[in-house]
Every structure is written in structure tokens, then in C-alpha cells.
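Undergrad: give me coordinates for this.
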Amino acid sequence: MKSPKEIVDIMLNTDLFSEWMNVSVEELGKGFCTLSCTTKKEMLNGFDILHGGITYSLSDSALAFASNSYGNKCVSVETSISHIRPVGVNTKLRAKCVEIHRGKTIGIYTVDIFDNEDKLVSKFKGTVHISRDLW
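TA: The predicted structure is shown next:
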């Protein structure tokens, strides 16, 4: 069976969006991970703040890496996010994903994103389907 790092390396190899976001894996293990990226001007919306899709995408990647880390292929079936505070350009974001529950076919995870002042920026919850297919 592949290690969590081997699995995430395979996933990142074809994940062009995470590459565009310049996502870095800071911590990784079975059922958890921490990712980071630094915001850039192309990520801002019409209000000159970070587009909500960026924190959503960073959270979604953290969910994918944490849930797939056991070796079974997992896909999200339901997600939600609360945007708590605005973010500007050149802000380092850190997404911490933790597993809340993992059953035979369903996993539940939360992702908290913090800014470079360690202030909570967003809170994400994701549910995944755990397939029998292996990496």
C-alpha cells in the first residue's frame, strides 16, 4: 500500500489548479494535512479582496489529500464553507484539515484556514465517499 506522501504526490502530479495556486504540503498523515499558499493579485475579486473560491479550493484540496491518505480513492459528496474575514494580496494562508469521522464508505472532515496573523479566515466542512478503489 502507498504512503500518504506517495498518494498526494500522484494527486498533485495532475492537479494544475493546485499548481497555479502554488499549494505546499506542510504536514500530512492518515486523515489529516496542512497546506499553505500565498495569495496573489490574480486571486482578488471585484471588491479587491480574495475571491471566496480560493479559500474553498484550498480547503477542497486539503480535504482530498487527507481523505485519500489511507489509500482508498475518495471523492467529495457534500461541502460547505463559511467565510469569516477578508483576505488581501500577499497573505500566506494555512489550511488545517482534520478527520471527524471515517466509516466504511463515508468520511467527514473540517478545514480551518488561518492567515499569516493566525486569524481564522474560513471554516469548511466536507463529506467524502470512500470507494473500494485503491491508489
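
Undergrad: how about the strands in this structure?
TA: All strands of the chain, identified by DSSP state E, fall at 24-29, 32-38, 72-83, 92-102, 106-114, 120-134.

Undergrad: test my guess that residue 36 contacts residue 27.
TA: No. With contact defined as C-beta atoms under 8 Å, residue 36 and residue 27 do not form a contacting pair (9.8 Å). All C-beta spots, glycine's among them, are computed from the backbone N, C-alpha and C.

Undergrad: which one's more surrounded, the two?
TA: residue 36 (19 against 12; other C-beta atoms under 10 Å).

Undergrad: to what extent is the residue nearest to residue 103 when sequence neighbours are not counted buried, counted in neighbours?
TA: Nearest non-adjacent residue to residue 103, counting by C-beta to C-beta, 6 or more residues apart in numbering: residue 130, 7.6 Å away. Number of residues near residue 130 (other C-beta under 10 Å) recorded here: 18.

Undergrad: check the one 3 residues further on too.
TA: Using other C-beta under 10 Å, residue 133 is surrounded by 9 other residues.

Undergrad: how near is it to residue 19?
TA: 24 Å (C-beta to C-beta, to the nearest Å).

Undergrad: quick check: longest helix of the protein.
TA: helix 52-68 (DSSP state H).
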